[in-house]
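# When you get a sec, could you give me coordinates for this:
(one chain, ligands or ions: 4)
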Amino acid sequence: AKRLQKGRITYAKDYDLGKIKQDKAFEKAVKQALDRDELMVYYQPIFSVEKGVYNSAEALVRLHDEELGWISPEDFIPIAERNGMIIEMGEVILDKVCRFIHDFKLAQTTVEYIEVNISPVQLMQQHFSDRVKQIMEKYDVRPNQINIEITETATISMADTVNANIMDLVQYGIKFSLDDYGSGYANIDYINHMPFSIIKLDKYIIWDAFKSTKAGITLKHTIGMLNELELHIVAEGVETAEMRDHLADIGCHFMQGWYYSKAVSDQDFIRLIEMQ
Ligand code: C2E
Ligand code: CA
Ligand code: CA
Ligand code: CA
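Numbering: from 1, shown residues only. Ligands and ions are numbered 1, 2, ... in the order given. As a prediction, this is how the structure comes out:
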């Protein structure tokens, strides 16, 4: 017990120091990846229950560092948001997605659009919507081939710039998804006031529904409500056939999760699409 108590104090201090060092290392890795154009975009397919095919995919950034190995976006995105690198990174990611849509002639497959995660920091940029349009036009990508995923925190400030960017892109023909629904608060208010087409149910509320009766009831009614509002519903974190079956039963139209596939490279994604 003595050792533990003593250890605890040193631990906390060590951890903080360790975290600062780690963040510095991640920051360096991100900077290097940007300089050398080494960021990768992987694609996780999204299955349409009605169509019985993959009708879209989510673009997820991947970073591999020589020394550190794979670094999770959960670790480096917040750093990039703090130091502003997310701006350049976001443009690089969108550029790669648009090039992919163009080069692999995605319009000729079952894949109607690619979902791209956009950070609130990007939405705060004065000319964000213009940059998006420029990049898409560079590769002849049509507005309905890109779908932008944002979380509630993106809209929480309700800054004029954020709103102007969203409205401009909606007008242009890009649809928006509300990401991680159920993990935050003020959900219903956002759904009523923001122009979302798709609601993505957070994987934790999906998993909870299979662990507790109460959570199962709230999920069922949430899906019922979203259906009545004529919103498309994507369930994230679908890991088993049982989950897929039950979610389809209670009215979920689109499935995303490891049961179908993890995020894969562009080449592997194309193979998956051709195989179905
Ligand atoms: P997210 O937008 O909620 O993305 C879904 C995350 O859940 C991804 O993790 C995905 O790999 C993971 N996932 C999908 N299906 C399953 C499943 O069945 N089981 C489990 N256990 N996990 C599953 P990932 O790729 O590590 O991304 C984490 C977060 O990083 C994303 O959460 C998103 O917030 C952020 N992120 C990823 N790529 C980008 C990007 O290009 N731009 C921005 N701004 N953020 C990104
Ligand atoms: Ca997302
Ligand atoms: Ca999500
Ligand atoms: Ca998330």
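# Tell me the residues on the stretch 101-250 of the chain that lie near ligand 2, please.
By Cβ under 5 Å from the ion, the part of the stretch 101-250 of the chain that sits against ligand 2 consists of N117, E149, D179. Yep, even glycine has a C-beta here, placed from its N, CA and C like the rest.
# what about the second one, neighbour count?
Spelled out, it's E149. Residues lying near E149 (other Cβ atoms under 10 Å) number 19.
# can I get the residues of the stretch 101-250 of the chain next to ligand 2 in JSON lines with pLDDT?
Shown next, in JSON lines, are these (pLDDT from 0 to 100):
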{"residue": "N117", "pLDDT": "98"}
{"residue": "E149", "pLDDT": "96"}
{"residue": "D179", "pLDDT": "93"}
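# Make JSON lines from these and add secondary structure and distance to H232 to it.
Shown next, in JSON lines, are those (DSSP: H, G, I helix; E, B strand; the rest coil; distance: Cβ to Cβ, whole Å):
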{"residue": "N117", "secondary structure": "strand", "distance to H232": "17"}
{"residue": "E149", "secondary structure": "strand", "distance to H232": "13"}
{"residue": "D179", "secondary structure": "strand", "distance to H232": "13"}
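# Tell me the one of those nearest ligand 3?
D179 (4.5 Å; Cβ to the ion).
# The closest one is in contact with T151, isn't it?
Yes - counting by Cβ atoms under 8 Å, D179 does reach T151; the two are 4.8 Å apart.
# neighbouring contacts of stretch 19-26?
Stretch 19-26 is contacted by residues L68, I71, D75, F76, I79 when judged by Cβ atoms under 8 Å, 6 or more residues apart in numbering.
# what about the fourth one, which helix or strand?
By that I understand F76. Per DSSP states H and E, F76 falls inside helix 73-83.
# quick check, that helix touching ligand 1?
Yes - using Cβ under 6 Å from any ligand atom, we find that helix 73-83 touches ligand 1 at P73, E74, I77.
# Compute the first-to-last residue distance for stretch 197-205.
When the termini of stretch 197-205 are compared using Cα to Cα, to the nearest Å, they are 20 Å apart.
# Going by neighbour count, which residues in stretch 26-42 are buried?
In terms of neighbour count (16 or more other Cβ atoms under 10 Å), stretch 26-42 has its buried residues at F26, E27, A29, V30, A33, L34, L39, V41, Y42.
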